[in-house]
Structure formats: structure tokens, C-alpha cells
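In: Build me a model from this:
(one chain, ligands or ions: 1)
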Amino acid sequence: MTIRLDKWICDNLNKTRKEAKDYIKANNIVVDGVRIKDSDYKFDPYASEITINGKSITSKPEYTYIILNKPAGYVSANSDNVHKTVFELLPKEYKDYSIVGRLDIDTEGLMLITNDGALNHKITSPKHHFDKTYFIRTDSPCNEDDVKKVETGFDYGEEKPSLPGRLNILSTEENDCTAEITIHEGKFHQVKKMMHTLGHEVIYLKRLSMGPITLPESLNTGEWRLLNEEEIKSIEEYNV
Ligand code: URA
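Out: Coordinates of the predicted model:
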């Protein structure tokens with residue numbers, strides 16, 4: 001996997017993007033025998049030899065990105081005195097990693113877990129518009145009025161109204177509606193609160209996607225795997 005030199009400097013020498021650019025100009029950085037002065041020079045930090053002012057530098061360990069199909073009954077926390085935590089589904093080496101967008105104890109589905117703070121911030125910060133799509137089942141029929149309200153955004157009891165989203169009704173009957181809802185923010189209990197405001201209680205909730213990452217059908221409830229390079233790249237390059 002290639003990375004820009006200035007990003008590598010930020011990650012490995014704890015510098016801001018601006019400081020990294022100045023650092024590149026002011027220091028003798030050699031990658032695979034070639035003096036590099038361009039901040040946007042791309043290289044594979046795990047396959048290249050890097051020296052700074054003649055001193056060899058080893059890249060920090062690679063970041064790890066986990067995708068988990070969260071089952072109901074597990075809390076989104078590193079530890080909990082009462083409930084099982086999602087980290088109990090993973091090997092111990094990941095116990096201090098961070099959850100990217102928590103899910104309620106009774107919510108299932110796509111959960112990302114990583115030790116990459118910058119990427120975590122990118123996914124959860126509203127600035128980058130990582131849409132989240134959920135499958136929902138409610139206790140009452142949904143209608144076109146609900147679709148319109150979700151589409152325009154509405155007051156659901158929070159400080160600000162919801163941003164325009166999408167409600168795609170899959171089936172609706174007297175005591176039941178199934179739908180996919182896409183929201184832009186990730187406020188606490190947001191989907192449940194929005195549906196409650198529209199007069200429906202959510203009785204089942206499952207996250208299906210976050211930005212470019214979709215829950216793979218091959219990942220059964222409770223199973224996890226590492227994100228592959230293509231998936232990581234799709235997050236890094238995602239910019240709506
Ligand atoms: N919205 C909710 O209400 N709960 C979740 O777990 C996720 C989104």
C-alpha cells in the first residue's frame with residue numbers, strides 16, 4: 001500500500017500536514033536511495049528503505065481495521081461490569097482499539113474497530129458525510145409522509161433537525177414495516193428517535209453500511225475479519 005510522504009511524516013513523526021511539508025524541505029529524506037523533496041511523493045513504507053539525515057527510520061506498525069457483524073446483546077464498549085462487550089468477540093490483542101460509531105446493545109450489524117485514530121475521526125466526523133444505512137423493522141405501517149420527512153429532515157427532539165436522509169420502504173402492513181433508512185449523522189439512538197417521532201417504534205435495527213463499506217453477506221452474526229486493502233483504500237479516498 002502506498003502513502004504520501006507528508007502523510008507518512010505526520011503519522012510517524014507526529015507532525016501536522018504543514019509541519020511535515022516544511023520538514024521535508026528542511027531535511028535530507030532519502031527513499032530507496034533517492035533524495036525526495038516532494039510532499040506528495042508516494043511510496044510503500046513497508047517495502048522501502050527510508051533514511052532521514054542518514055539515519056534509518058522504521059515505519060510504525062501498520063494500522064489494523066476490523067469489520068465485525070455485531071450481534072444483539074453486546075455493548076459497544078472496551079469493558080463493562082454487567083454486559084458482554086463487542087471486544088469479547090475479538091482476540092485479546094485488539095482489546096484497546098476504538099469502535100468507529102457505536103451501536104446500541106440491541107442493534108446488530110456492521111461495526112468497524114481500529115487503532116487508526118485519524119481514520120476513525122474521518123468516518124465519524126459529519127464533515128466527511130459517511131452515510132450510514134440501517135435495515136429497520138417497526139411496529140406500525142410506514143407511509144409516504146414518513147419518506148418525505150426523512151428526505152427533507154425534521155425535528156426529532158435534538159438540538160438540530162435531522163439532515164436530509166432517505167427512507168426506502170420495503171414492505172408495510174398493519175403492524176409492521178420493513179425499510180432501509182440512510183442518515184448522515186450518527187447521534188445517540190438517532191434512528192430509534194427519528195422513527196419514534198414519526199410514530200413508529202423500532203423493534204429490530206441492523207447497520208448495513210457506512211460510507212463505502214457494506215456488511216459482507218459472508219460475515220455471519222458474531223463473525224469478524226480484517227478489512228482488505230481495497231476496502232481501506234475506499235475509506236481513505238472517500239470524499240463526498
Ligand atoms: N440509531 C439507533 O437508534 N441505534 C443504533 O444503534 C444506531 C443508530
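
In: Pop the domain breakdown of this structure in here.
Out: 3-57, 65-231 (automatic domain parsing).

In: wait, does the longest one contact the ligand?
Out: I take that to be domain 65-231. Yes - using Cβ under 6 Å from any ligand atom, we find that domain 65-231 touches the ligand at 103, 104, 107, 189, 190, 191, 192, 205. In short, each C-beta sits where N, CA and C put it, glycine included.

In: Does the fifth one touch residue 184 like I think?
Out: Pointing back at residue 190 there. No - using Cβ atoms under 8 Å, residue 190 is not in contact with residue 184, being 9.9 Å away.

In: what's around the closest residue to residue 3 other than its chain neighbours, how many residues?
Out: Computed as Cβ to Cβ, 6 or more residues apart in numbering, the closest residue to residue 3 that is not its neighbour in sequence is residue 45, at 5.8 Å. Using other Cβ atoms under 10 Å, residue 45 has 20 other residues around it.

In: Quick one: residues contacting the spatially most distant residue from the centre of the chain.
Out: Within the chain, the residue lying farthest from the chain centre (Cα atoms, centre = their mean) is residue 54, at 38.3 Å. By Cβ atoms under 8 Å, 6 or more residues apart in numbering, the contact set of residue 54 is residue 28.

In: Could you report the pLDDT at it?
Out: Looking at residue 54, its pLDDT stands at 91.

In: same deal with residue 62?
Out: Residue 62 is given a pLDDT of 71.

In: what's the neighbour count on the closest residue to it other than its chain neighbours?
Out: Of all residues not flanking residue 62 in the chain, residue 46 sits nearest, at 6.9 Å (Cβ to Cβ, 6+ apart). Residue 46: 11 surrounding residues under other Cβ under 10 Å.

In: can you check the one 4 residues further on too?
Out: Other residues within reach of residue 50, judged by other Cβ under 10 Å, total 19.

In: List the contacts of it.
Out: 29, 30, 31, 43, 56, 57, 59.

In: Pairing partners for the fourth one in the sheet, please.
Out: According to DSSP bridges, residue 3 are recorded as the beta-bridge partners of residue 43.

In: So it versus residue 22, what's the distance?
Out: 20 Å (Cβ to Cβ, to the nearest Å).

In: Which one's more surrounded, these two?
Out: Neighbour comparison, residue 43 and residue 22: the larger count goes to residue 43, with 18 against 14 (by other Cβ under 10 Å).

In: shouldn't the more buried one be in contact with residue 2?
Out: Yes - judged on Cβ under 8 Å, residue 43 makes contact with residue 2 at a distance of 6.0 Å.

In: Could you name every residue contacting both of the two?
Out: Common neighbours of residue 43 and residue 2, using Cβ under 8 Å, 6+ apart, do not exist here.

In: Check the residue nearest to residue 3 and give its pLDDT.
Out: At residue 45, pLDDT is 83.

In: So it lies in a helix, does it not?
Out: No - Residue 45 is assigned coil when assessed by DSSP: H, G, I helix; E, B strand; the rest coil, not a helix.

In: where does it sit relative to the ligand, distance-wise?
Out: According to Cβ to the nearest ligand atom, to the nearest Å, residue 45 stands 35 Å off from the ligand.
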